[in-house]
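Engineer: sequence first, then the predicted structure, then my questions.
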Amino acid sequence: SMVHKKSRSIIYPFGNVKRVLLSDDQVPWSTKISYDPLEYESLNLKNKPWADPYIDEPSFHPSFNSLDGKVNRQSYMGIYLIENKRPLNPEGRTGLKGRGVLGRWGPNHAADPIVTRWKTANETKQINSITKLPILQFCGIQRRDCNEWAIPGGMVDTGENVSETLKREFLEEAFNSLESTKEETEKNEKIILDFFKHGEEIYKGYVDDPRNTDNAWMETVAMNFHDETGESAGKFSLRAGDDAKSVRWIDIDKHLELYASHSSLIEKVVKLHNAHW
Ligand code: RP5
Ligand code: MG
Ligand code: MG
């Protein structure tokens, strides 16, 4: 895989903390360099039920690389190293120590539902004139935190199953379930429950996310839910909610610029359906 890039953005998100800039060959832990970045942790994490305590808190005894009670501290990337009590990012240096804004030391697990349909006009599939391949669309959201377009994914809650996270996050971000009436919610939950029965696993592993640090990082399970006829998901009435400020069907092609490593996840879906890229 490619060396992570968004995890090395000069300015760390949500503030003005600067990373130490690294060249690609300085990223692997195995490359010996003199390296002394800041250790940063957001004040926001204090006393949050979904966040770990500070790593040097004497009462905090995490079991890294294992299922730690209800907290999954296992990485899809294999066994990660621990140095000075702190987990080391499996993809190498990021220019910042600490856990930044992320709640967990080590892997922070997310799930990404990639809902797709074919682009049509008058019920005819639209073909790209150069590649001669049909154009796929995915249901994308614009993130409130950075305005970038993204897959409507989210963090796996403590003790939650990934299959639940996929549905919950899609309902929150693309159906605004957190601000719906009881009747709307019941109706939408049925629609999603039904449509999300048939999914294809696209990817499991590290996400090159701008919030990553040397000691905390994002990982995801991405699943594709495809509406071949455009009769189910294709007809959803979408309404942005929670950490999404807009939602829409987005034409897929290789020039798409999306949040974190989402465009590489989308590319895998394209290959699966032999669609235009
Ligand atoms: C990304 O962060 C994952 O791929 C997922 O889409 C997202 C989860 O974080 P939040 O949307 O909850 O901020 O790296
Ligand atoms: Mg969310
Ligand atoms: Mg989200």
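Structural biologist: Sure thing, it's come through. Ligands and ions are numbered 1, 2, ... in the order given.
Engineer: C-alpha from now on. contacts and neighbour counts both.
Structural biologist: Will do.
Engineer: not counting sequence-adjacent ones, nearest residue to whichever residue of the chain sits closest to ligand 3?
Structural biologist: Of all residues in the chain, Gly154 sits closest to ligand 3, at 3.9 Å by Cα to the ion. Closest residue to Gly154 apart from its sequence neighbours, by Cα to Cα, 6 or more residues apart in numbering: Ala110 at 5.3 Å.
Engineer: is it true that the one you found lies in a strand?
Structural biologist: Yes. Assessed by DSSP: H, G, I helix; E, B strand; the rest coil, Ala110 belongs to a strand.
Engineer: quick one: residues contacting it.
Structural biologist: Gly153, Gly154, Met155, Val156, Val162, Thr165, Met218, Glu219, Thr220, Val221 (Cα atoms under 8 Å, 6 or more residues apart in numbering).
Engineer: of the residues you listed, which belong to strands?
Structural biologist: Gly154, Met155, Met218, Glu219, Thr220, Val221 (DSSP state E).
Engineer: which ones, among the residues you listed, also lie beside ligand 1?
Structural biologist: Gly154, Met155, Met218, Thr220 (Cα under 6 Å from any ligand atom).
Engineer: reformat those residues as JSON lines; add distance to Lys268, neighbour count and pLDDT.
Structural biologist: Below are these laid out as JSON lines (distance: Cα to Cα, whole Å; neighbours: other Cα atoms under 10 Å; pLDDT from 0 to 100):
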{"residue": "Gly154", "distance to Lys268": "19", "neighbour count": "20", "pLDDT": "96"}
{"residue": "Met155", "distance to Lys268": "21", "neighbour count": "18", "pLDDT": "97"}
{"residue": "Met218", "distance to Lys268": "19", "neighbour count": "25", "pLDDT": "98"}
{"residue": "Thr220", "distance to Lys268": "14", "neighbour count": "23", "pLDDT": "98"}
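Engineer: for ligand 1, state which of the residues you listed is nearest.
Structural biologist: Ligand 1 has its nearest neighbour among these in Gly154, at 3.6 Å by Cα to the nearest ligand atom.
Engineer: was I right about that closest one contacting Ala111?
Structural biologist: Yes. Counting by Cα atoms under 8 Å, Ala111 is a contact partner of Gly154 at 5.7 Å.
Engineer: any shared contact partners between those two?
Structural biologist: Thr165, Leu166.
Engineer: which residues does the nearest residue to Gly241 once chain neighbours are set aside contact?
Structural biologist: Closest residue in space to Gly241, ignoring its immediate chain neighbours: Asn176 at 4.0 Å, by Cα to Cα, 6+ apart. With contact set as Cα under 8 Å, 6+ apart, Asn176 has these partners: Arg239, Ala240, Gly241, Asp242.
Engineer: what about the last one? Give its phi and psi, please.
Structural biologist: The reference is to Asp242. Note on Asp242: backbone dihedrals following degrees, to the nearest 10 are phi 50, psi -120.
Engineer: how near is it to Pro152?
Structural biologist: 10 Å (Cα to Cα, to the nearest Å).
Engineer: cool, Asp56 as well?
Structural biologist: 34 Å.
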